[in-house]
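Asker: this one's sequence-less:
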């Protein structure tokens, strides 16, 4: 039995142990939406979330995403193009919104990879190979683990992190914030706090360019 097989087995055992516990704890989170002084923009960004682009960029695209979402995979290179088109001015922050069955376990893999600086290679692998680890919009965590086995990870740490309270809390915070912000489908974009009301690639481009004009 090789190291990759041992890694997959260890992670699957950890995931199996978590499924029942996560299901019992992911009840509806209390929100502040009925509070007149509540400002939802404070929930859009999360410190420590994965960011691509210049850290000091004045325009931030926040994407609530599900790795099993086909539209998220389609928009991934389009968002990258926006960052490259406006170097130093635009960055993107990714937040987890596991709507598809099984995705709640897959985002734990991404969050654990992020702790070792491997979120972006990991999410790209999953998006490019999405059809190989999803079936009829249902995620298969075992296949996702196998795909990520090629990353330069400390495997023992990776297994530990996937099974940690820290990762669970990160995912739960993103899910709770998404509910408060009324994120009902993925991908959902916010640009400098403004939601993308009319969904579409051109609409996102226009919202980003408007934010750039305002900021610069």
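Answerer: Now that the structure is in, tell me what you want to look at. Small disclaimer: the values here were computed from a predicted structure and weren't measured. Numbers count the residues shown, from 1 in each chain.
Asker: how about the helices in this protein?
Answerer: In the chain, the helices defined using DSSP state H lie at 3-25, 70-85, 103-114, 119-128, 130-133, 141-148, 155-162, 165-180, 201-215.
Asker: Identify, out of those helices, the most deeply packed stretch.
Answerer: With neighbours taken as mean count of other CB atoms under 10 Å, the helices of the chain reach their highest mean count in helix 103-114, at a mean of 25. For the C-beta atoms, the positions are set from N, CA and C on the backbone; glycine is no exception.
Asker: same for it, what does it pack against?
Answerer: Helices and strands touching helix 103-114, by 3 or more CB pairs under 8 Å, 6 or more residues apart in numbering; DSSP states H and E, are helix 3-25, strand 90-96, helix 119-128, strand 138-139, helix 141-148, helix 155-162, helix 165-180.
Asker: pLDDT value on the closest residue to residue 116 other than its chain neighbours, please?
Answerer: Nearest non-adjacent residue to residue 116, counting by CB to CB, 6 or more residues apart in numbering: residue 153, 5.5 Å away. Looking at residue 153, its pLDDT is 97.
Asker: my read: residue 153 touches residue 118, true?
Answerer: Yes. If you go by CB atoms under 8 Å, residue 153 and residue 118 touch, sitting 6.1 Å apart.
Asker: For the two, indicate the residue with more neighbours.
Answerer: The residue with more neighbours, out of residue 153 and residue 118, is residue 153; 21 against 18, by other CB atoms under 10 Å.
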